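In: Quick one, fold the following:
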Amino acid sequence: MAVRIRLARFGRRNHPIYRIVVMDSRSPREGKYIDIIGTYDPKRHELIKFDEEKYLKWVSLGAEVTDRAKAIYKLYKKLSAKQNA
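Out: Residues are numbered from 1 along each chain as shown. Here you go, the predicted model:
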């Protein structure tokens with residue numbers, strides 16, 4: 001089973017919010033997921049929640065990361081560095 005870290009859409013019409021989830025690569029976008037890593041609001045460009053430990057655990061176990069999920073992880077690192085400075 002190929003596992004991917006990717007986005008699953010939820011929220012309401014014209015206001016999407018995405019969950020960053022671990023799921024089988026063959027599952028549909030809103031399909032059954034294995035684990036939730038975080039959430040992201042693209043309208044405000046804010047990370048609502050992100051669990052870096054879970055992300056690194058799944059990457060070390062061989063999960064593929066989609067381009068968008070990688071970009072959100074980089075945003076998380078940038079925002080957390082800005083808050084710590």
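In: CA only for contacts and neighbour counts going forward, please
Out: Fine.
In: Go ahead and confirm Tyr20 touches Ala8.
Out: That one is not Tyr; residue 20 is Ile. Yes: counting by CA atoms under 8 Å, Ile20 touches Ala8, with 6.5 Å between them.
In: Restrict the longest helix along the chain to CA atoms and write it as CSV.
Out: Determined from DSSP state H, the single longest helix within the chain is helix 67-84. Provided in CSV are the C-alpha atoms of helix 67-84 (Å, rounded to 0.1, in the frame of the first residue of the first chain):
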residue,chain,number,x,y,z
ASP,A,67,4.1,19.1,-3.7
ARG,A,68,1.4,21.1,-2.0
ALA,A,69,1.9,19.4,1.4
LYS,A,70,5.6,20.1,1.1
ALA,A,71,4.9,23.7,0.5
ILE,A,72,2.7,23.9,3.5
TYR,A,73,5.4,22.2,5.6
LYS,A,74,7.9,24.9,4.5
LEU,A,75,5.3,27.6,5.4
TYR,A,76,5.0,26.0,8.8
LYS,A,77,8.8,26.1,9.3
LYS,A,78,8.9,29.7,8.2
LEU,A,79,6.1,30.8,10.5
SER,A,80,7.5,28.9,13.5
ALA,A,81,11.0,30.4,13.0
LYS,A,82,9.4,33.9,12.8
GLN,A,83,7.5,33.3,16.0
ASN,A,84,10.6,32.0,17.8
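In: what comes into contact with it?
Out: With contact meaning CA atoms under 8 Å, 6 or more residues apart in numbering, helix 67-84 is reached by Ile5, Arg6, Leu7, Ile20, Tyr40, Leu47, Phe50.
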